[in-house]
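Peer 1: Take a look and give me a structure for this.
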Amino acid sequence: MRVTYLEDLNGTDRDVSVEGEHGNWRSRRIVLAREGVGFSFHETNIPAGTTNEFWYANHIEAVYCVAGEGELLDRETGETYEIRDGMCYLLDKHDKHTVTAKKDLRLICTFNPPVTGREVHDENGVYPLLTESGAETK
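Peer 2: Next comes the predicted model:
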């Protein structure tokens, strides 16, 4: 058994923030590939008034909103969805999407394959597929 308190991740290599052209968010990675359980599990915060474009070309992600308000845009279909407490979306087709936060969003996210914690979104919003040894597999 492994027990983690979110505040214990602050300022560690599991506490990742991005501000600028590749997004505006903070992600605390509670479970990573190094735990060897087949998924990673994160809390992601997106500040109000920001818009982030994502495309997980190498990962499947499920996102569950526990606080805040925002909008999810499916960039393939043009459909939009309200993000609010209790809303979940699954990116099972490597969906290109845009998240706009109207109020600070607190999102619980899980990735498969698990992320290592070293990934950074590229210019397309894509995480590379890294292994725990550091090699990029794709």
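Peer 1: Lowest mean pLDDT among the helices and strands, pick that one out for this protein.
Peer 2: strand 15-20 (a mean of 89; mean pLDDT, DSSP states H and E).
Peer 1: Given it, what are its sheet partners and their directions?
Peer 2: strand 23-31 (antiparallel) (DSSP bridges).
Peer 1: Name the residues of the helix or strand following the strand it pairs with that are buried.
Peer 2: Going down the chain from strand 23-31, the next helix or strand is strand 40-46, by DSSP states H and E. For strand 40-46, the buried set under the neighbour-count rule, 16 or more other CB atoms under 10 Å, comprises 40, 41, 42, 43, 44, 45, 46. Heads up, the C-betas are built off the backbone N, CA and C, glycines and all.
Peer 1: Same list (these) but as CSV, adding distance to residue 60 and pLDDT.
Peer 2: Formatted as CSV, the buried residues of strand 40-46 follow (distance: CB to CB, whole Å; pLDDT from 0 to 100):
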residue, distance to residue 60, pLDDT
40, 11, 96
41, 13, 97
42, 14, 96
43, 18, 98
44, 16, 97
45, 22, 98
46, 20, 98
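Peer 1: Turn these into CSV, columns for distance to residue 53.
Peer 2: Output for these, formatted as CSV (distance: CB to CB, whole Å):
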residue, distance to residue 53
40, 21
41, 23
42, 18
43, 20
44, 14
45, 17
46, 12
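Peer 1: can you pull out the strands in the chain?
Peer 2: 15-20, 23-31, 40-46, 51-55, 60-74, 80-84, 88-91, 96-112 (DSSP state E).
Peer 1: The fourth one: partners in the sheet, and parallel or antiparallel?
Peer 2: Right, strand 51-55. Per DSSP bridges, strand 51-55 is paired in its sheet with strand 96-112 (antiparallel).
Peer 1: Just the buried residues of the strand it pairs with, please?
Peer 2: Buried-residue list, strand 96-112, by 16+ other CB under 10 Å: 96, 97, 98, 99, 100, 101, 105, 107, 108, 109, 110, 111.
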